[in-house]
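K.L.:
what's the 3D shape of this:
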Amino acid sequence: MFRRVLIGGIHPDLRFADILLADAFTSYAKILGDFSVCVCMFLTGHSSTNTSPNRACGGVYLVPFVMALPYMIRLRQCLTEYIRARRKGAIDRRIHLINSWKYASAFPVIICSAMQRGYDPEGSHMFTQATLSRTWLFFVVFNSFFSFYWDVTRDWELTLFSSKRSSGEHPWGLRQNRHFVANEFYYSAIILDFLLRATWSFKLSPHLDYINEMEGGIFILELLEVFRRWVWTFFRVEKEWVMSKAGGVLGVLETGDGMQLQEFGTKIVED
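P.N.:
Down below sits the predicted model:
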């Protein structure tokens, strides 16, 4: 599975597991960037006994490329799903393209960051530093809120951003079928996801040198992002479990746009 996901592959029968693994990689984008700095220092003979790493090593091309890899993987998965859905004539195939925009929106953040890091005010450039900064900020906000919206609306199937949020059939902003008894679990997860989504998108930027020098702060932010992904996974799996139980003898096969019920049979349900 690891080998398949690393090249952006997605197995038709193991779709959910492949997506979970690929999504986890996106949370390790900054961590992988730090790891590439360590590898660069090792290969170029920089001392490893310094109190802080030499972040200039590989900072122009290597680090941004490594940080973009997890999003390339997930983007390819979305496009693969779109092609498969189009071949089957699925009506909801466009949702895979919309999902791919979410991952593609991380590339401008990383590219603009890399351009700002190596920006020479005295040289000739296509864009001014102010333009690059505003462009970077725009895509940071877009990526953060798009990802947060997708987490709540699609991955967790909550009604916070739909017209059904005030339905009397379920608590405000949630859904009718839920596994966790306490509604506070869902509300806490929504707030946590919003705060850490915004924070982590800013941390995708390798040009914030004044923050990068605080190694302890970087470690804490990376740890918080892993924690956010851990919480996200619980509610992502919870949605699959609840929808499967709601179908009785029917299992749930996610198509991206909604939930398509498909008979799995007794053996698969038991598994």
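K.L.:
can you give me the helices in the stretch 51-200 of the chain?
P.N.:
Using DSSP state H, counting those that start in this stretch, the helices of the stretch 51-200 of the chain run over 62-88, 94-104, 106-117, 129-150, 183-203.
K.L.:
For Thr159, find the nearest of the ones you listed.
P.N.:
Nearest to Thr159, of all the helices of the stretch 51-200 of the chain, is helix 183-203, at 10.8 Å by Cβ to Cβ. No exception for glycine: its C-beta is placed from N, CA and C like everyone else's.
K.L.:
residues contacting the nearest residue to Trp136 once chain neighbours are set aside?
P.N.:
Nearest residue to Trp136 in three dimensions, chain neighbours excluded: Cys112, at 3.8 Å (Cβ to Cβ, 6 or more residues apart in numbering). By Cβ atoms under 8 Å, 6 or more residues apart in numbering, the contact set of Cys112 is Leu132, Ser133, Thr135, Trp136, Phe139.
K.L.:
Identify the residues contacting Phe127.
P.N.:
Residues near Phe127 by Cβ under 8 Å, 6+ apart: Met115, Thr135.
K.L.:
per-residue confidence at it?
P.N.:
For Phe127, the model assigns a pLDDT of 74.
K.L.:
Could you check how far it is from Thr135?
P.N.:
The gap separating Phe127 from Thr135 is 8 Å, by Cβ to Cβ, to the nearest Å.
K.L.:
next one: Gly9
P.N.:
32 Å.
K.L.:
what's the answer for Arg74, then?
P.N.:
22 Å.
K.L.:
Between those two, point out the one with more neighbours.
P.N.:
For Arg74 and Thr135, the more surrounded residue by other Cβ atoms under 10 Å is Arg74, and the numbers stand at 24 against 17.
K.L.:
Now do the contacts for the more buried one.
P.N.:
Taking Cβ under 8 Å, 6+ apart, one finds Gly8, Ala22, Asp23, Phe25, Thr26, Tyr103 in contact with Arg74.
K.L.:
Of the helices of the stretch 51-200 of the chain, flag the one that's most buried.
P.N.:
Mean neighbour counts were compared across those using mean count of other Cβ atoms under 10 Å; the top stretch is helix 106-117, at a mean of 21.
K.L.:
how about the CA coordinates for that one, as CSV?
P.N.:
Output of helix 106-117 as CSV, limited to C-alpha atoms (Å, rounded to 0.1, in the frame of the first residue of the first chain):
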residue,chain,number,x,y,z
ALA,A,106,-1.1,24.3,-1.8
PHE,A,107,1.4,24.6,-4.7
PRO,A,108,1.1,28.4,-5.1
VAL,A,109,1.7,28.7,-1.4
ILE,A,110,4.9,26.7,-1.6
ILE,A,111,6.1,28.3,-4.9
CYS,A,112,5.5,31.9,-3.7
SER,A,113,7.3,31.1,-0.5
ALA,A,114,10.3,29.8,-2.3
MET,A,115,10.4,32.8,-4.6
GLN,A,116,10.2,35.2,-1.7
ARG,A,117,13.0,33.4,0.1
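K.L.:
how much space between Arg175 and Phe235?
P.N.:
11 Å.
K.L.:
in terms of contact, does Ala22 touch Leu75 like I think?
P.N.:
No - the pair Ala22 / Leu75 is not scored as a contact, 9.7 Å apart, by Cβ atoms under 8 Å.
K.L.:
between these two, what contacts are shared?
P.N.:
With Cβ under 8 Å, 6+ apart, Ala22 and Leu75 have common neighbours Gly8.
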